[in-house]
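>>> 3D, please:
(2 chains)
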Amino acid sequence: MSKCRIPLGPFHPLLEEAEFFDIKVEGEKVVDIEMETGWMHRGHEKLSESMSYTQSIFLVERICGICSTSHPFALVNAIEDIDDIQIPERAKYIRVLIGEIERIHSHLLWLGLAGHFIGYDTLWMWCWKYREPILQLSELVSGNRNHYAMMRVGGVGRDFDNATIPKYHKVLDDLEKQMIMLAGAAKDDPVLRSRLKGVGILTKEDAINYCANGPTARASGVDIDVRRDDPTAYEVVDVNVITLPHGDVYDKLVVRVLEVIDSVKIMRQCLKAFPKVGGPVLNPVKEISPGEGCGRYEAPRGEVFHYIRSDGTNRPLRHKVRAPSFSNIPTYKASCVGIPLADALITLAAVDPCYCCTERTIRTTDVNNKKVDAELLSLSRAKTEKIRKSIMKNDKSPIDRIFDKA
Amino acid sequence: MNQEFFKKFEGKFTKIIENKPRKRYYFNVKNEDIREVADYLFNNMGCRLSICTATEVYDGLEVLYHFSDDKTGTFYNPRVKTGLKNPEINSIVSITEGANWIEREMYDLFGIKFTGHPDLKKLLTFENPHFKETDHPMRLKRDKDK
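Presented below is the predicted three-dimensional model:
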């Protein structure tokens, strides 16, 4: 069978930071995949070296719109690591609260988009509807729906208002019920199961070899979570690390649904603590000593890593940033090869790289250099529709079957 | 501190800096030993390669590896130094595939060649019309006349 080469990207809905995928297919089967990056490189590391530590916090907040507290969280951890700066107890709870709000809205966004990609637009609209009150909570705590600007070296920039606690409880009560309903749907829906189960498997060995992190690694049975393993603010709450063994897209979906439910529990622990834990939320820090520090934080997509080298001035000498997708995207080499092209889209989306929602087409060039336009999204949706129809056919009532025979 | 690890490589590590409360260990390693150290950290101790950081310092270039021991929350950071002219360091891609992209990125931005890398091409400025093959944007622009 002849091989086709499918260039995908660099601008397409799958990834917010543009990526180029060179997919080689044999018939319908993906036989090789190459990734290229660099279209969205904005030189944050170099920019940060010309800014003060406080300015850098706001700079790294703009690396990603979804992980807009994860990067500042990891950066302040790295700066605090140099001098072993301790932060007040109340600031720890506020950091955890913000972090978990972000995890919930990021996971719900991914769940919605995953549904959209496989032709489950109801799931998409449900998830985004449930996400909205969470964004309002982030506005309540920080004044912003995005780019919260809460992190400071030595604590947080804004105190939590205890009078708003009942509002949080109401939203969390509703969300918990909705998530349990979603988990039930994922468990019982035969179309969702047959569409995602066994698709794009990343084995535990591959996850370890590629140094995958976050839900991508946890869905492959790798028991890691920075919130538990290297806590900087999270030691004040109990974190339940969810791992599943199969490494397919279905497990990645279930891990995220269960993590949302766990995040609700963590937020409740914070809300319970706020009336009891008073005091300041910021330890004043005058200067940073010469030295080096590593800071990390478990973002919704995985471990965010920041490294700071200080020479005693108010600017970093070297600032290294690594987002989780940098480690997770190369795992496509292991998870995409051997699967049908219709499943490639959801497998590429399953590691939750940043993606936007523009419609896209792909251009296929066959061996005779003849160009064929096709839509990967419609391929994926057509497969779901086919499965749905076949299940509906088998699930017909006995009376329908009698009529069919007649 | 993992006594067994530091005892095994006794004499090979120099300038060990220990940040005890945060469980971070920084130490210098020679280029010829980095593969053995990385292999021990990755395969024997089950550490994960978080990332590597390349930095241009006064007398050369250095690469700092960040190995995360997730069971204990410890970071092991071996550091390898190389010269400014023709910087070359042994690749660890044969030990972990996770080093593939970061070594390509360091080659791209700093021009450090990784010996034994299976496909050492630029990662970020690959085919970028603004950068030539010899351009490495994160290198300092030193005055060559001095």
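>>> Enumerate the strands of the chain by residue range, in sequence order.
Here I'm looking at chain A. For chain A, the strands defined by DSSP state E cover A:3-8, A:20-26, A:29-36, A:151-152, A:155-156, A:291-299, A:302-310, A:316-322, A:362-365, A:371-374.
>>> not quite, I wanted chain B
Under DSSP E, chain B gives strands at B:14-19, B:24-29, B:48-57, B:60-69, B:74-82, B:88-90, B:113-115.
>>> Name the strands paired with the second one and say parallel or antiparallel.
For strand B:24-29, the paired strands and their directions (DSSP bridges) read strand B:14-19 (antiparallel), strand B:74-82 (parallel).
>>> Out of the ones you listed, which one sits most buried?
Ranked by mean neighbour count, those are led by strand B:74-82 with a mean of 21 (mean count of other Cβ atoms under 10 Å in any protein chain shown). (Each C-beta comes from the backbone N, C-alpha and C, glycine too.)
>>> hang on, the earlier thing: include mean pLDDT when you put the strands of chain B into a markdown table, please.
Formatted as a markdown table, those follow (pLDDT from 0 to 100):
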| stretch | mean pLDDT |
| --- | --- |
| strand B:14-19 | 86 |
| strand B:24-29 | 94 |
| strand B:48-57 | 93 |
| strand B:60-69 | 94 |
| strand B:74-82 | 94 |
| strand B:88-90 | 96 |
| strand B:113-115 | 95 |
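>>> can you put the ones you listed in CSV and add distance to A:K386?
What follows is the strands of chain B, written out as CSV (distance: least, Cβ to Cβ, whole Å):
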stretch, distance to A:K386
strand B:14-19, 57
strand B:24-29, 53
strand B:48-57, 40
strand B:60-69, 43
strand B:74-82, 49
strand B:88-90, 51
strand B:113-115, 46
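>>> Can I get the strands paired with strand B:24-29 in CSV including distance to A:R256?
Formatted as CSV, the strands paired with strand B:24-29 follow (distance: least, Cβ to Cβ, whole Å):
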stretch, distance to A:R256
strand B:14-19, 34
strand B:74-82, 27
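>>> Out of those strands, which is closest to A:V254?
Proximity to A:V254 (Cβ to Cβ) singles out strand B:74-82 among the strands paired with strand B:24-29, at 30.4 Å.
>>> Excluding chain neighbours, what is closest to A:D32?
Among residues not flanking A:D32 along the chain, A:K24 sits closest, at 4.2 Å (Cβ to Cβ, 6 or more residues apart in numbering or on different chains).
>>> Quick check, the one you found in contact with A:R5.
Yes: A:K24 sits in contact with A:R5 when judged by Cβ atoms under 8 Å, with a separation of 5.5 Å.
>>> returning to what we had before: how many neighbours does the residue nearest to A:D32 have?
Residues near A:K24, counting by other Cβ atoms under 10 Å in any protein chain shown, number 15.
>>> re the thing from before, dump the strands of chain A to TSV, plus distance to B:Y65.
Listed next are the strands of chain A as TSV, based on distance: least, Cβ to Cβ, whole Å:
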stretch	distance to B:Y65
strand A:3-8	32
strand A:20-26	28
strand A:29-36	23
strand A:151-152	27
strand A:155-156	31
strand A:291-299	11
strand A:302-310	11
strand A:316-322	12
strand A:362-365	38
strand A:371-374	43
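>>> And the residue nearest the centre of the chain?
Since you didn't name a chain, this refers to chain A. A:R301 (3.2 Å; Cα atoms, centre = their mean).
>>> meant chain B, my bad for not saying
Geometric middle of chain B (Cα atoms, centre = their mean) lands on B:V63, at 3.5 Å.
>>> max-length helix in the chain?
Since you didn't name a chain, this refers to chain A. If you go by DSSP state H, chain A has its longest helix at helix A:89-117.
>>> that answer is for a different chain, and I need it for chain B
Max-length helix for chain B by DSSP H is helix B:100-110.
>>> hmm, that helix in reach of chain A?
Yes: Helix B:100-110 reaches chain A (Cβ under 8 Å from any Cβ of the partner chain) through B:100-102.
>>> OK, now which residue of the stretch 1-150 of chain A is nearest to chain B?
Closest approach of the stretch 1-150 of chain A to chain B (Cβ to the nearest Cβ) occurs at A:G38, with a separation of 3.7 Å.
>>> mind listing what that residue touches?
Taking Cβ atoms under 8 Å, 6 or more residues apart in numbering or on different chains, we find A:G38 in contact with B:123-126, B:128.
>>> Got a ChimeraX select line for the buried ones in the residues you listed?
Buried residues within the contacts of A:G38, by 16 or more other Cβ atoms under 10 Å in any protein chain shown, are selected in ChimeraX with:
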select /B:123,124,125
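>>> can you narrow the contacts of A:G38 to ones near chain A?
B:123-126, B:128.
>>> so which of those residues comes closest to chain A?
Nearest member of those to chain A, counting by Cβ to the nearest Cβ, is B:L124, at 3.7 Å.
>>> Return the residues in contact with the closest residue in space to A:P72 that isn't next to it in sequence.
Of all residues not flanking A:P72 in the chain, A:M151 sits nearest, at 3.9 Å (Cβ to Cβ, 6+ apart). Applying Cβ under 8 Å, 6+ apart to A:M151 gives the contacts A:57, A:69, A:72-73, A:75-76, A:95, A:157.
>>> Quick check: B:E56 vs chain A, distance?
9 Å (Cβ to the nearest Cβ, to the nearest Å).
>>> What does the pLDDT read for B:S94?
Among the per-residue scores, B:S94 holds a pLDDT of 95.
>>> Now do it against A:K272, distance only.
In this structure, B:S94 and A:K272 are 50 Å apart, going by Cβ to Cβ, to the nearest Å.
>>> just B:C52 next, same as before
41 Å.
>>> How about B:I112?
When B:I112 is compared with A:K272 (using Cβ to Cβ), they lie 51 Å apart.
>>> And the two? Which one has more around it.
B:I112 (24 against 13).
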